[in-house]
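how does the following fold in three dimensions:
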Amino acid sequence: MWLVIARAPRPDAPQWPGRRALAVVDALLWPACLMLAALHLPPRAGIVQGAVVAISCFAALRGVYRAALNNPRYRFTTWQVARWMAALLALGVILKLWFLLSA
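Numbering: from 1, shown residues only. Model prediction:
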């Protein structure tokens, strides 16, 4: 049996002055960083480099569209990335303390 559970859509983000411009910058920043990293891959990466650049371009276009024209539905990528990085940093600190205290 297949069970489908539909969640309620997330509420619109609050609007404040400058949110649209900051959202466009955020929507362009992360795909640009990913493209820059892909361009520094070794030459034997082959088609991976081109695929990453193409996917990043489409992600940037989608993000800019949502940030500029559908701004209440845009969620900042920086907060999502920062949340994962903070979790990884906390895990690293916990592991470091655990190994220091157990030795």
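
SS state for residue 8?
Three-state call for residue 8 (DSSP: H, G, I helix; E, B strand; the rest coil): coil.

what is the neighbour count of it?
Residue neighbour count, defined by other Cβ atoms under 10 Å, stands at 5 for residue 8. The way it works is simple: take the backbone N, C-alpha and C, and place the C-beta from them, glycine included.

list the contacts of the residue positioned nearest the centre of the chain.
Closest to where the C-alpha atoms of the chain average out (Cα atoms, centre = their mean) is residue 77, at 4.3 Å. Applying Cβ atoms under 8 Å, 6 or more residues apart in numbering to residue 77 gives the contacts 26, 27, 29, 30, 63.

distance of it from residue 25?
Separation of residue 77 from residue 25 (Cβ to Cβ, to the nearest Å) stands at 11 Å.

ok, residue 63 next?
Distance from residue 63 to residue 25, by Cβ to Cβ: 10 Å.

what of residue 85?
For residue 85, the distance to residue 25 - Cβ to Cβ - is 19 Å.

related to what we said a few turns ago, residue 7: which of the contacts of residue 77 is nearest?
residue 63 (22.5 Å; Cβ to Cβ).
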